[in-house]
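Peer 1: could you work out the structure for the sequence below:
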Amino acid sequence: MRLKSILGAFTLIGLVSLSGIAAADITVGVTVSATGPAASLGIPEKNTIALMPRTIAGQKINYIVLDDASDTTAAVANTRKLIAENKVDLILGSTITPNSLAMIDVVAESQVPMIAMAASARIIEPMDAKKRWVFKTPQNDIMMSLAIAQHMAANGVKSVGFIGFSDAYGEGWFQEFGKAADLKKLTIVGNERFSRSDTAVTGQVLKLIAARPDAILIAGSGTPAALPQKALKERGYSGKIYQTHGVANADFLRVGGKDVEGTFLPAGPVLVANQLPDANPVKQSALVYIKAYEDAYGKGSVSTFGAHAWDSGILMTAAIPVALKKAQPGTPEFRAALRDAIEQVKNTAGAHGIFNMSPGDHLGLDARAFVMVKIENGTWKYQP
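Peer 2: Model (predicted):
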């Protein structure tokens, strides 16, 4: 389905299709981290769900949104509840990698397709019988790792210190960045960890500074990722600092303040859509999301994390008409058909990139899905 028809479907929010009354509603279950350490990521996702289509191909779409409070156990409980009690046809979520990974067994056992809004490639790789039910919209960490490593190498960096979350997000980033660093002949001279709920990282930061790296990569997400950077600045570190696309929201800028000035990071095109050249293939679809979100929540309120939720709606809009040709909502047959249809989405423009799914690739994004960005004067600046 091409961009024009998909965006047309998004204008039908809250309207009844002229093609007739749907035989059965489609129920979408959502679990997001609207509270807890990942709230700055989950809130824009929750806000975006309110903007997504209420009618697709003549079928009413019902959304049931639950908060998992950034907690893995709660995310699993939410998923079980949505499937067992609400009989959902599709699961969206969760916000963060540990939660999304924990949900895989539940959706696979129940054979309900899931679109994650968390970044780690481990959510969909390696492909197996369980992960064939799982898709995701954020860019893979290897894609963003390569972008960072390439930028480092082009800017004279030879040695890198690493500090990341002490969970699947941080470990996944260390593994993938390690591969990218090898390709670009970068030496990793330190590897430290911290918890999303930590209030101090002095010991880890002192070890990294002692290794004297040319640059430091912080593999965190949301506002907790500002903690190591503030500590590095307090201790006088003057090298280059990189963050992941997990910090691309206004709350990170607010919490980080002057300490995050000059930071480099890869990000989805939606973060700097207005600064992109008109020839960028994602600019138009990114601007559609920005307008929809800012019309609802105010100028400057948009974030890349809400766009991951929006892109799950783009995938739904492309796949549901195909699945409806094979089965009715509320049935195992429809859920299987919907899974198959998502896997067949091609050349579909979202806020973050162009999706081309396949049986071996349940992300479907390529290099059009990221740009390099620098934090300057408290805002994001596109780096051509």
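Peer 1: host element of residue 330?
Peer 2: Using DSSP states H and E, residue 330 sits within no helix or strand.
Peer 1: again, but for residue 372
Peer 2: Taking DSSP H and E as the criterion, residue 372 maps to strand 371-376.
Peer 1: which secondary structure elements does that strand contact?
Peer 2: strand 264-267, strand 379-383 (3 or more CB pairs under 8 Å, 6 or more residues apart in numbering; DSSP states H and E). Any C-beta I mention is one placed from the backbone N, CA and C, and that applies to glycine too.
Peer 1: in PDB, list the C-alpha atoms belonging to the first one.
Peer 2: Which is strand 264-267. Extracted in PDB, the C-alpha atoms of strand 264-267 (Å, rounded to 0.1, in the frame of the first residue of the first chain):
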ATOM      1  CA  PHE A 264      26.000  13.300  18.800                       C
ATOM      2  CA  LEU A 265      23.400  10.600  18.200                       C
ATOM      3  CA  PRO A 266      21.700   8.800  15.300                       C
ATOM      4  CA  ALA A 267      17.900   9.300  15.200                       C
END
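Peer 1: let's have the chain start at 42 instead
Peer 2: Taking 42 as the first residue, the last one we looked at is strand 305-308.
Peer 1: can you give me how far the next helix or strand after it is from the chain middle?
Peer 2: Once strand 305-308 ends, the next helix or strand along the chain (criterion: DSSP H and E) is helix 324-338. Centre-to-centre, helix 324-338 and its host chain are 17 Å apart (CA atoms, centre = their mean, to the nearest Å).
Peer 1: for helix 324-338, which positions count as buried?
Peer 2: Using 16 or more other CB atoms under 10 Å as the test for burial, helix 324-338 gives 324, 326-331, 333-334, 338.
Peer 1: cool, and stretch 216-231?
Peer 2: 217-219, 221-222, 225, 227, 229-231.
Peer 1: still on that earlier bit, what angle do the strand holding residue 413 and strand 420-424 make?
Peer 2: Angle between the axes of strand 412-417 and strand 420-424 is 140 degrees (criterion: axes from the mean of the first three to the mean of the last three CA atoms, to 10 degrees).
Peer 1: CA atoms only: put strand 412-417 into PDB for me.
Peer 2: Extracted as PDB, the C-alpha positions of strand 412-417 are listed here (Å, rounded to 0.1, in the frame of the first residue of the first chain):
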ATOM      1  CA  VAL A 412      20.100  10.600  10.200                       C
ATOM      2  CA  MET A 413      22.900  11.900  12.400                       C
ATOM      3  CA  VAL A 414      22.000  14.700  14.800                       C
ATOM      4  CA  LYS A 415      23.900  17.000  17.200                       C
ATOM      5  CA  ILE A 416      22.500  18.800  20.200                       C
ATOM      6  CA  GLU A 417      23.100  22.500  19.800                       C
END
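Peer 1: ok so, going back, cross the buried residues of stretch 216-231 against helices and list the overlap.
Peer 2: Counting by DSSP state H, the part of these found in helices is 217-219, 221-222.
Peer 1: one step back: ok, and what's touching the strand holding residue 413?
Peer 2: With CB atoms under 8 Å, 6 or more residues apart in numbering as the test, strand 412-417 has contacts from 188, 192, 289, 294, 297, 301-310, 312-313, 317, 421-424.
Peer 1: 6 Å instead, please
Peer 2: Residues outside strand 412-417 that contact it (CB atoms under 6 Å, 6 or more residues apart in numbering): 192, 301-302, 304-308, 310, 313, 421-424.
Peer 1: ok so, going back, ranking the helices and strands packed on strand 412-417 by burial, who's on top?
Peer 2: strand 305-308 (a mean of 25; mean count of other CB atoms under 10 Å).
Peer 1: where's residue 416 relative to residue 267, distance?
Peer 2: Separation of residue 416 from residue 267 (CB to CB, to the nearest Å): 11 Å.
Peer 1: now the helices and strands packed on strand 412-417 as TSV including distance to residue 165?
Peer 2: Formatted as TSV, the helices and strands packed on strand 412-417 follow (distance: least, CB to CB, whole Å):
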stretch	distance to residue 165
strand 305-308	19
strand 420-424	27
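Peer 1: as JSON lines, those strands with distance to residue 89 and mean pLDDT would be great.
Peer 2: Formatted as JSON lines, those follow (distance: least, CB to CB, whole Å; pLDDT from 0 to 100):
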{"stretch": "strand 305-308", "distance to residue 89": "17", "mean pLDDT": "97"}
{"stretch": "strand 420-424", "distance to residue 89": "19", "mean pLDDT": "97"}
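Peer 1: so which of these gets nearest residue 278?
Peer 2: Proximity to residue 278 (CB to CB) singles out strand 305-308 among the helices and strands packed on strand 412-417, at 14.6 Å.
Peer 1: other SSEs contacting that closest one?
Peer 2: Applying 3 or more CB pairs under 6 Å, 6 or more residues apart in numbering; DSSP states H and E, we find strand 305-308 packed against helix 182-195, strand 412-417.
Peer 1: out of these, which one sits most buried?
Peer 2: Highest mean neighbour count among these (mean count of other CB under 10 Å): helix 182-195, a mean of 21.
Peer 1: residues making contact with the next helix or strand after that one?
Peer 2: Next along the chain after helix 182-195, taking DSSP H and E as the criterion, comes strand 200-206. The contact list for strand 200-206 (CB under 6 Å, 6+ apart) reads 211, 214-215, 227-233, 237, 245, 249, 252, 254-261, 269.
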